[in-house]
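Peer 1: fold the following, please.
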Amino acid sequence: MLLGGTVAGAYGNPAEWEELLVRTGFRAVTAPFDCRTPKDDVRAYLEIAKKHGVCIAEVGVWRNLMDPDPEAAARNLAYAKDQLRLADETGVPCCVNIVGTAGTGGWDAADRSNFTPGTYERIIAGIREILDEVEPRRAFYCIEPMPWMVPDSPEAYLQLIRDVDRPQFGAHMDFVNMINCPRRYLAPEDFIETCFRLLAPYIKSTHIKDTRMHPTRLTAILEECSPGEGTLDYERVLRIMDRYLPPDAPVLLEHMQTAEEYDQAYRYVKAAADRIGIPV
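Peer 2: Numbering: from 1, shown residues only. Below is the predicted model:
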């Protein structure tokens, strides 16, 4: 697998990004450009990544396609299409978003409408519209799982793939986001094994982090954290991933804020991989 993350730090051009990239040691990264980036700069970023043997694994959307404001929802849908076009043009394999919410609590909020039949139909229709209009050949549109919206389990993700029924709809793996109850938290390796067993043929990119639960505070409170700050046994997790993912699969650390935090997490996961002989 190709271990990496987002290149943290301020940069204003490809050369400055290259300096930050080299310091990380990453073998896979999120795209440092989007559909609004000048094409010459996009080409420069791609050339830099190729020069250093780094995979640009994901183009992110991160917009609410079900925004309760119809004009905002339309803008976000157009942006998702443009991002998928960009991924396809540049050969980035994964264009990733979450499904969003029709509620007013925020683009990624838990809302009572998230699991209604009408919302599910709208999710399927939106994904199909994006794929049918863009018609990507190389890139896949993918949805990151979330604890409180579709898909919130590997079974739900597999059903979503079947219901969307488009060849360029893939899977984005984030098993920590689906560890959303004590049963999964207390037997995480069994759950993570199920995630990869069901979804491995469709996975285009994977996010990794850690999780911890407050064991004495009711009701259950789970929170994500950096690898090594939670309770996941990363040697066991990496063995599971290695069984199901190809050697060139991108695996990205996420949600650290600084280069130092990314470096600490990267070193922790790499050390676990080194101990069990898995190249990253």
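Peer 1: from residue 206, how far off is the most far-flung residue of the chain relative to its centre?
Peer 2: Note on the chain: the largest C-alpha distance from the chain mean falls to residue 216, namely 30.8 Å (CA atoms, centre = their mean). According to CB to CB, to the nearest Å, residue 216 stands 32 Å off from residue 206. C-beta: built from backbone N, CA, C; applies to glycine.
Peer 1: once you drop chain neighbours, what's closest to residue 27?
Peer 2: Distances taken as CB to CB, 6 or more residues apart in numbering place residue 2 nearest to residue 27, at 4.0 Å, with adjacent residues excluded.
Peer 1: burial of the nearest residue to residue 122 once chain neighbours are set aside, as a residue count?
Peer 2: Spatial nearest neighbour of residue 122, excluding adjacent residues (CB to CB, 6+ apart): residue 66 at 6.3 Å. A total of 22 residues lie near residue 66 under the criterion other CB atoms under 10 Å.
Peer 1: residue 66 touches residue 99, doesn't it?
Peer 2: Yes. The pair residue 66 / residue 99 is scored as a contact, 7.2 Å apart, by CB atoms under 8 Å.
Peer 1: shared neighbours, the two?
Peer 2: Residues touching both residue 66 and residue 99 by CB atoms under 8 Å, 6 or more residues apart in numbering: 123, 126.
Peer 1: sec struct for the residue farthest from the centre of the chain, please.
Peer 2: Put simply, residue 216 is coil when judged by DSSP: H, G, I helix; E, B strand; the rest coil.
Peer 1: which residues touch it?
Peer 2: For residue 216, no contacting residues are found, by CB under 8 Å, 6+ apart.
Peer 1: again, but for residue 160
Peer 2: Contacts of residue 160 by CB under 8 Å, 6+ apart are 123-124, 143, 150-151.
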